[in-house]
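# Got a sequence here, can you model it:
(4 chains)
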There are 4 protein chains.
Amino acid sequence: MNSALFTWPVRVYYEDTDAQGVVYYANYFRFTERARTEWLRSLGVDQSRMLDESRRIFVVTSVAADFVMPAHFNDELIVTAALGRLARASFDIEQRVHRESLEGTLLFRCSVRVALLDADKLKPQRIPKDLFEG
Amino acid sequence: MNSALFTWPVRVYYEDTDAQGVVYYANYFRFTERARTEWLRSLGVDQSRMLDESRRIFVVTSVAADFVMPAHFNDELIVTAALGRLARASFDIEQRVHRESLEGTLLFRCSVRVALLDADKLKPQRIPKDLFEG
Amino acid sequence: MNSALFTWPVRVYYEDTDAQGVVYYANYFRFTERARTEWLRSLGVDQSRMLDESRRIFVVTSVAADFVMPAHFNDELIVTAALGRLARASFDIEQRVHRESLEGTLLFRCSVRVALLDADKLKPQRIPKDLFEG
Amino acid sequence: MNSALFTWPVRVYYEDTDAQGVVYYANYFRFTERARTEWLRSLGVDQSRMLDESRRIFVVTSVAADFVMPAHFNDELIVTAALGRLARASFDIEQRVHRESLEGTLLFRCSVRVALLDADKLKPQRIPKDLFEG
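Predicted coordinates for the structure are as follows:
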């Protein structure tokens, strides 16, 4: 199983910040989803083909997150993604956001449970066996 | 033709602001779309039924906008909508955003061209004759 | 202590949805923040005065959330807020999102930890004793 | 004057799309602002230093935009930025969004007027003479 650490850079623009001068809390979930999408792409998963060809979608079913330190306008962030628990119809992704590099200040961390569903009936689907295998 | 002024209140939350301490410029287009949706609803147009039953969607094809004065966190805004030019397959909506009331400071104004399209082929559709008639 | 259930209506607009046809997962955190803001306002807390006059801000430090069922474009939602654990410098808010009414389908639930901070040094501040007292 | 074409890639994620299955119209203004920010950075302008050190901000004062064709989830976009009219206290930026490359389908184009303001009094400031000179 490939549980290597995936990383994805995110630049903070004005759109991401709020009047407290920092990244708006809900937007960390946009950043972490970008990293999850790119992580899946790196594993060969094309979510738009999945939807068009087999009507299957990945859906977030739960999150638990800690907002450790604020990110600011113009910050360059590194978002990580690593596979956690893998079950029959869902898996957990462990993610962190650091400033500048993996050695930089930890700003945010979360655990995200993702299920594979049929796009029409929203029924759970079995995760393909080889999804996370090199 | 009913070109009376429609108004819709919008409260500014942190999600709408940016690190300059004011409403992020693109978010005025979210506010004006909320008012357009409610204005269409007040005219008896249910966009989700339109899509489900006749596969027709309203689509913005152009905007021209002036950012006059900034709105701030916690401001109560009034967004207006009034029909401008009405053509065969599109219409223009004239919109403004004021602080607190129609007599309050003008913050934003825009003209928005909306087309009626077939949702699948994106072909222009004729605007129903009675859409804007009381 | 006032732990009565606060409710706030939210209409789903196109801005809130994504190409899966449902509300984008991070946007539930925008909806719940609107309800928290209005709940605080109902308790007499004006967050913009707090910031301007005493340089204090409320900050989300952690969330745990379950995405139970999807909300769709045009849905009318009811968002709840109720005080959970109250500590010296933070408190928990328990929130739910239902479709149409409190009796409607449960779509989302979360527990949100909020800290009171000094806006400049980000140091925890003691929660005023009378904040949640009728 | 350096009016060469600046380009910046943008990937479309679920956060950018809406229930019509395409990029939500207001989000093109997020994409074009990312390109403007990076274009300014390429000219040596650091907007966070500008704010911290000289209390000056760039502010959009007007936009005119055409939504030509829709972008979809997962599309790779190219956003352009080029200097248009340059005045004493403002300048115009001409921007386009293409699918995949400059030769790809034109999806969006806009003209954006940007003013340089004092961040506190919001008074217009003279654009530095050498801002757009190589």
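# Contacts only, for the nearest residue to A:Arg55 once chain neighbours are set aside.
Leaving aside its sequence neighbours, A:Arg55 sits nearest to A:Ala119 (C-beta to C-beta, 6 or more residues apart in numbering or on different chains; 4.4 Å). Every residue, glycine included, has its C-beta placed from N, CA and C. Taking C-beta atoms under 8 Å, 6 or more residues apart in numbering or on different chains as the criterion, A:Ala119 is in contact with A:51, A:55-57, C:20.
# Please pick the buried ones from the residues you listed.
Neighbour counting over the contacts of A:Ala119 (16 or more other C-beta atoms under 10 Å in any protein chain shown) leaves A:51, A:57, C:20 as the buried ones.
# So is stretch A:122-134 next to chain C?
Yes. Residues of stretch A:122-134 are located near chain C by C-beta under 8 Å from any C-beta of the partner chain, namely A:Leu122.
# and whatever helix or strand A:Val112 lives in, average pLDDT?
In the assignment (DSSP states H and E), A:Val112 maps to strand A:106-118. Averaging pLDDT along strand A:106-118 yields 97.
# And it, what does it pack against?
With contacts taken as 3 or more C-beta pairs under 8 Å, 6 or more residues apart in numbering or on different chains; DSSP states H and E, strand A:106-118 sits against helix A:27-42, strand A:56-67, strand A:90-99.
# Closest to D:Asp66 out of the buried ones among the contacts of A:Ala119?
The nearest member of the buried ones among the contacts of A:Ala119 to D:Asp66, counting by C-beta to C-beta, is C:Gln20 at 27.5 Å.
# In CSV: the contacts of A:Ala119, plus distance to D:Arg34 and pLDDT.
CSV is the format used below for the contacts of A:Ala119 (distance: C-beta to C-beta, whole Å; pLDDT from 0 to 100):
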residue, distance to D:Arg34, pLDDT
A:Leu51, 26, 86
A:Arg55, 32, 91
A:Arg56, 31, 93
A:Ile57, 27, 93
C:Gln20, 24, 91
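# Rebuild these as JSON lines, extending it with distance to C:Asp75.
Shown next, in JSON lines, are the contacts of A:Ala119 (distance: C-beta to C-beta, whole Å):
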{"residue": "A:Leu51", "distance to C:Asp75": "22"}
{"residue": "A:Arg55", "distance to C:Asp75": "22"}
{"residue": "A:Arg56", "distance to C:Asp75": "24"}
{"residue": "A:Ile57", "distance to C:Asp75": "19"}
{"residue": "C:Gln20", "distance to C:Asp75": "14"}
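# Tell me which residues touch the residue nearest to A:Ser90 when sequence neighbours are not counted, please.
For A:Ser90, ignoring the flanking residues on the chain, the nearest one in space by C-beta to C-beta, 6+ apart is A:Ala115 at 4.3 Å. Neighbouring residues of A:Ala115 by C-beta under 8 Å, 6+ apart: A:58-59, A:61, A:89-90, A:124.
# same check, this time on A:Ser111
A:Ser111 makes contact with A:63-65, A:84, A:92-95, according to C-beta under 8 Å, 6+ apart.
# How about A:Arg30?
A:Arg30 makes contact with A:16, C:26, D:13, D:15, according to C-beta under 8 Å, 6+ apart.
# Which pair of these spans the longest distance?
A:Asp16 and D:Tyr13 (13.1 Å).
# tally of neighbours for the nearest residue in space to A:Asp75 that is not next to it in sequence?
In space, and not counting its chain neighbours, A:Asp75 is closest to A:Val12: 4.5 Å by C-beta to C-beta, 6+ apart. By the measure other C-beta atoms under 10 Å in any protein chain shown, the count of residues near A:Val12 is 22.
# isn't A:Val12 right next to A:Leu77, touching?
Yes. Here A:Val12 reaches A:Leu77: they are 6.6 Å apart, a contact under C-beta atoms under 8 Å.
# between these two, what contacts are shared?
In contact with both A:Val12 and A:Leu77: A:Ala71, using C-beta under 8 Å, 6+ apart.
# got a list of what the nearest residue to A:Trp8 once chain neighbours are set aside touches?
The shortest distance from A:Trp8 to any non-neighbouring residue, by C-beta to C-beta, 6+ apart, is to A:Ala35 (4.0 Å). By C-beta under 8 Å, 6+ apart, the contact set of A:Ala35 is A:6-8, A:10, A:79-81, A:95.
# Go again with 10 Å.
Going by C-beta atoms under 10 Å, 6 or more residues apart in numbering or on different chains, A:Ala35 touches A:6-10, A:77-81, A:93, A:95-97.
# orientation of the strand holding A:Val112 relative to strand A:90-99 in degrees?
Here strand A:106-118 points in a direction 150 degrees away from that of strand A:90-99 (axes from the mean of the first three to the mean of the last three C-alpha atoms, to 10 degrees).
# how far off strand A:56-67 does strand A:106-118 point, in degrees?
Relative orientation of strand A:106-118 versus strand A:56-67 (the same axes, to 10 degrees): 160 degrees.
# mind checking how far strand A:106-118 is from the chain centre?
6 Å (C-alpha atoms, centre = their mean, to the nearest Å).
# how about it: buried residues?
In strand A:106-118, counting by 16+ other C-beta under 10 Å, buried: A:107-117.
# Which other helices and strands does the helix or strand of chain A with the lowest mean pLDDT contact?
Among the helices and strands of chain A, helix A:47-54 carries the lowest confidence by mean pLDDT, DSSP states H and E, at a mean of 88. Applying 3 or more C-beta pairs under 10 Å, 6 or more residues apart in numbering or on different chains; DSSP states H and E, one finds that helix A:47-54 contacts helix A:27-42, strand A:56-67.
# Of those, which is nearest B:Ser101?
That would be, of the helices and strands packed on helix A:47-54 and by C-beta to C-beta, helix A:27-42, which comes in at 31.6 Å.
# and the helix or strand containing A:Ala81 with chain C, contact?
In the assignment (DSSP H and E), A:Ala81 maps to strand A:76-86. No. Judged by C-beta under 10 Å from any C-beta of the partner chain, strand A:76-86 and chain C are separated, with a smallest distance of 13.9 Å.
# Identify the neighbouring strands of that strand in the sheet and state each direction.
In the sheet, strand A:76-86 lines up against strand A:6-11 (antiparallel), strand A:90-99 (antiparallel) (DSSP bridges).
# still on that earlier bit, weed out the non-buried ones from the contacts of A:Ala35.
By 16+ other C-beta under 10 Å, those give A:6-8, A:10, A:77-81, A:93, A:95-97 as buried.
# Of the contacts of A:Ser111, grab the buried ones for PyMOL.
Of the contacts of A:Ser111, the buried ones can be selected in PyMOL as follows, counting by 16+ other C-beta under 10 Å:
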select buried, chain A and resi 63+64+65+92+93+94+95
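# Any chance of a markdown table for the contacts of A:Ser111, columns pLDDT?
Converted to a markdown table, these look like this (pLDDT from 0 to 100):
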| residue | pLDDT |
| --- | --- |
| A:Val63 | 98 |
| A:Ala64 | 98 |
| A:Ala65 | 98 |
| A:Gly84 | 95 |
| A:Asp92 | 97 |
| A:Ile93 | 97 |
| A:Glu94 | 98 |
| A:Gln95 | 98 |
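# For A:Phe108, which non-adjacent residue is spatially closest?
A:Val97 (4.0 Å).
# ah, wrong one, I meant A:Tyr25
Setting aside the residues directly before and after it, A:Tyr25 is nearest to C:Val60 in space (C-beta to C-beta, 6+ apart), at 4.7 Å.
# Would you tell me which of the helices and strands packed on strand A:106-118 gets closest to C:Lys129?
The minimum distance between C:Lys129 and the helices and strands packed on strand A:106-118 falls on strand A:56-67, with 25.5 Å, by C-beta to C-beta.
# Since that was my last question, I'll sign off now.
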